[in-house]
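Trainee: Sequence first, then the predicted structure, then my questions.
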Amino acid sequence: MTTTISKTTNALSTAANETTPLFAKDYNVYINHTDAGGIVYHANHLVFFENCRRDWFGQLGLNGYFLQTDDGQVQHFVVSQADLQYKRAILLDEIINVRIDKVELKPASIIFYQSIHRHGSDSSSTDNTNDNAKNSLLSSTKIVIACVQNQVRTEPVSHDESDTAVASASPIRPIRVPKKLRDALQEAIDQPINAQ
């Protein structure tokens, strides 16, 4: 897993300011999200981004991250890359608008471009020479989630002289994004349904 923090990349903020989001949802900032100064702890930006992705999957009727194949294999997603750009502090008791601005489907991963804005700010507005849009952006990210599958094996276990088969921990390997999930996401990208 790689986490990269970038303050010089403008691509993230450009994606966040130029498009109508595929999905957006408001979230309250509670004390447990903040540090001693009442500012959202930097790692909690990732929590808000994650919650937004899960809520979008839920709205699409998808079991977001855990899928089971007919033969009992477990497929799921893990974050393999996160590039964050912090713009402005998010404060205790604020209401923020977390967005999925763009999604790219790859054979074995999904790339999310997301942003956090002050509540009620319209990032596509052109009044005030886009100052309102620029001031509303609090952070932006590019997050890559990779599709993987747990390699489940059953091994006989004998504790009390009875032969019992138990699933053991085993390696995780990358796989292609399942077609059903890929098709559902592609449809959502092509025909976005925005929610608040």
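Mentor: Nice, I can see it. Numbering: from 1, shown residues only.

Trainee: Output the below-cut-off pLDDT ranges for this structure.
Mentor: For the chain, residues meeting the criterion pLDDT under 70 lie at 1-18, 64-65, 121-134, 152-170, 193-196.

Trainee: in it, which spans are helices?
Mentor: Along the chain, counting by DSSP state H, helices occupy 11-18, 44-59, 131-136, 179-190.

Trainee: Ala108: which of the ones you listed is closest?
Mentor: helix 179-190 (10.5 Å; Cβ to Cβ). Glycine gets a C-beta too; all of them are placed from N, C-alpha and C.

Trainee: The closest one: which residues count as buried?
Mentor: In terms of neighbour count (16 or more other Cβ atoms under 10 Å), helix 179-190 has its buried residues at 181-182, 185, 188.

Trainee: could those be laid out in JSON lines, adding distance to Ala108?
Mentor: Converted to JSON lines, those look like this (distance: Cβ to Cβ, whole Å):
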{"residue": "Leu181", "distance to Ala108": "12"}
{"residue": "Arg182", "distance to Ala108": "11"}
{"residue": "Leu185", "distance to Ala108": "14"}
{"residue": "Ala188", "distance to Ala108": "19"}
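
Trainee: out of those residues, who's nearest Ala82?
Mentor: Here the nearest of the buried residues of helix 179-190 to Ala82, counting by Cβ to Cβ, is Leu185; it sits at 19.3 Å.

Trainee: Out of the helices of the chain, flag the one nearest Gln149.
Mentor: helix 179-190 (13.0 Å).

Trainee: So what touches the closest one?
Mentor: Defining contact as Cβ atoms under 8 Å, 6 or more residues apart in numbering, one finds that helix 179-190 is touched by 22, 56, 60-62, 67, 103, 105, 110.

Trainee: where's it relative to the chain centroid, distance-wise?
Mentor: Offset of helix 179-190 from its chain centre (Cα atoms, centre = their mean, to the nearest Å): 16 Å.

Trainee: now it against helix 44-59, angle please.
Mentor: Angle of helix 179-190 versus helix 44-59, following axes from the mean of the first three to the mean of the last three Cα atoms, to 10 degrees, is 100 degrees.

Trainee: Just send the helices of the chain back as CSV, with distance to Tyr27 too.
Mentor: Shown next, in CSV, are the helices of the chain (distance: least, Cβ to Cβ, whole Å):
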stretch, distance to Tyr27
helix 11-18, 16
helix 44-59, 6
helix 131-136, 15
helix 179-190, 20
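
Trainee: Which among those is found nearest to Gly37?
Mentor: With Cβ to Cβ as the measure, helix 44-59 is the member of the helices of the chain nearest Gly37 (13.4 Å).
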